[in-house]
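> Just the structure for this:
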Amino acid sequence: MGGDLADVRLWASELGALHERFVHRFSRSEPRESTLAYMRGLIAPLQRKNGWTLAEEAGHEGPDRIQRMLNRIEWDADEVLDDVRDYVVEHLGDQDAVLIVDDTGFLKKETRSAGVQRQYSGTAGRTENCQVGVFLGYATARGRTLIDRRLYLPTSWTDDRERCRRAGIGDEVAFATKVAMAKAMVRRAIADRIPFRWVTADAAYGFSKGWRFELEQADVFHVMATTRHDTVVTRWALDHPVHELFPGLPRQKWKRRSCGEGAHGRRIYDWARVEVRPWHREDRRHWVLARRSVSRPEEISYYIAYCPADTTLDELIRVAGSRWAIEECFQSAKQECGLDDYQVRRYPGWHRHMTLAMAAHACLTVLRARQLDTEKAETDPPSSSTTVSPRSDA
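Numbers count the residues shown, from 1 in each chain. Just a heads-up that it's a prediction; the model follows:
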């Protein structure tokens, strides 16, 4: 947001309104006040957002109140997250929304923080000492933000229950793969009737045949990235490698399309699709998509889609491209809302910080959506006074 007084008042007011949605989750006034001060600090233009700087921004003499709120006072971060998610749905909810699963790393220099170990971090692009969080993004035409989160715990943690207890990880928290966490978050969104139409994820999640089958059984449409060696059912084979479906495809079957805006402009690729799974419902289709680099045609990525029979290639490309929206959420939430700027080591504290940082990000996303609505209303010509009759079914 901008730095002038009007902008500051605007986001402070909206943040207060969001905070009012979950004040009933706290039995004492101190954590109620501390959560609002914490979120205000996360959005504030501070160079660093740690316990001391956030306390100073809130007018506290030291970080004790902030630390108590994050680590010691009892409150349920999942219940607060429910309220934040309801806020997102109320202001951004769309039946055509896309749910996006991805993970991001949080680099650490020590070994006591819950879930930390040397592991691959997509953020760093290499193996580092870090924590990894699995997140669920919500993307609509009006905005995109994060609506769920889980801290991944490697077996080096879950196999050592004493170490877990020291980090606030209860004995009931067992090892779960990142794919299992993704499944749980999407199941929760379905059970809670979050409006959406599609699910998408990168190949680290999309390669899971079990998860794709579960989504299909629930009739949840999806476009999932997968590896070139993944196999599908075709008319010719039960386990046909996806990369073998495209070499003989006629040139006219490839369409040059943009799948959205990137950091360096429009993402332009050549796309093609081949229908698979010949035995299915008449009103559903299964496709394998190929995305080929224009400048390096030997570089091809693959997606597996389950969708309504009338879904166009352009629509599948749009959904596949929407996966990058969660990367933008990670970037903006880290830069603007302190998603990765925390000093908590315990498992509950991690989820509390993430919940409040996600609330701050949701608030900014809603404000930007309103601003775009206002700008659009100012630039659009007045609507015609012609009466429009109800659309017929013809």
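
> C-alpha from now on. contacts and neighbour counts both.
Fine.

> residues near residue 304, how many?
The number of residues packed near residue 304 is 29, by other CA atoms under 10 Å.

> My read is that it contacts residue 291, right?
No: Residue 304 is beyond contact range of residue 291, at 11.5 Å (criterion: CA atoms under 8 Å).

> what bridges to the closest residue to residue 117 other than its chain neighbours?
Among residues not flanking residue 117 along the chain, residue 129 sits closest, at 5.1 Å (CA to CA, 6 or more residues apart in numbering). For residue 129, the beta-bridge partners under DSSP bridges are residue 118.

> Can you tell me how far residue 129 is from residue 95?
Distance from residue 129 to residue 95, counting by CA to CA, to the nearest Å: 40 Å.

> cool, residue 142 as well?
Distance, residue 142 to residue 95, using CA to CA: 12 Å.

> So for these two, which sits in the more crowded spot?
Per other CA under 10 Å, whichever of residue 142 and residue 95 has more neighbours is residue 142, with 17 against 11.

> OK, contacts around that one?
92, 369 (CA atoms under 8 Å, 6 or more residues apart in numbering).

> Equivalent analysis for residue 274, please.
Residue 274 makes contacts with 245-246, 287-289, as judged by CA under 8 Å, 6+ apart.

> That one looks like it's in a strand, true?
Yes: Residue 274 sits within a strand when classified using DSSP: H, G, I helix; E, B strand; the rest coil.

> So in terms of bridging, what pairs with it?
Applying DSSP bridges, one finds that residue 274 bridges with residue 288.

> Who wins on neighbours among the contacts of residue 274?
residue 289 (29 neighbours).

> And that one, what's its pLDDT?
Looking at residue 289, its pLDDT stands at 98.

> swap in residue 389?
34.

> And the next helix or strand past the helix or strand hosting residue 204?
Here residue 204 is covered by helix 203-206, with elements defined by DSSP states H and E. Under the assignment DSSP H and E, the closest C-terminal helix or strand after helix 203-206 is helix 209-217.

> In PDB, please show the C-alpha coordinates belonging to that following helix.
Taking C-alpha atoms only, helix 209-217 is exported to PDB below (Å, rounded to 0.1, in the frame of the first residue of the first chain):
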ATOM      1  CA  LYS A 209      -2.100 -40.900  -8.700                       C
ATOM      2  CA  GLY A 210      -3.800 -41.500  -5.400                       C
ATOM      3  CA  TRP A 211      -4.600 -37.900  -4.900                       C
ATOM      4  CA  ARG A 212      -5.800 -37.300  -8.500                       C
ATOM      5  CA  PHE A 213      -8.100 -40.400  -8.100                       C
ATOM      6  CA  GLU A 214      -9.500 -39.000  -4.800                       C
ATOM      7  CA  LEU A 215     -10.200 -35.700  -6.400                       C
ATOM      8  CA  GLU A 216     -11.900 -37.400  -9.400                       C
ATOM      9  CA  GLN A 217     -14.000 -39.600  -7.100                       C
END
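
> Give the buried residues for that helix.
Across helix 209-217, burial judged by 16 or more other CA atoms under 10 Å covers 211-212, 215-216.
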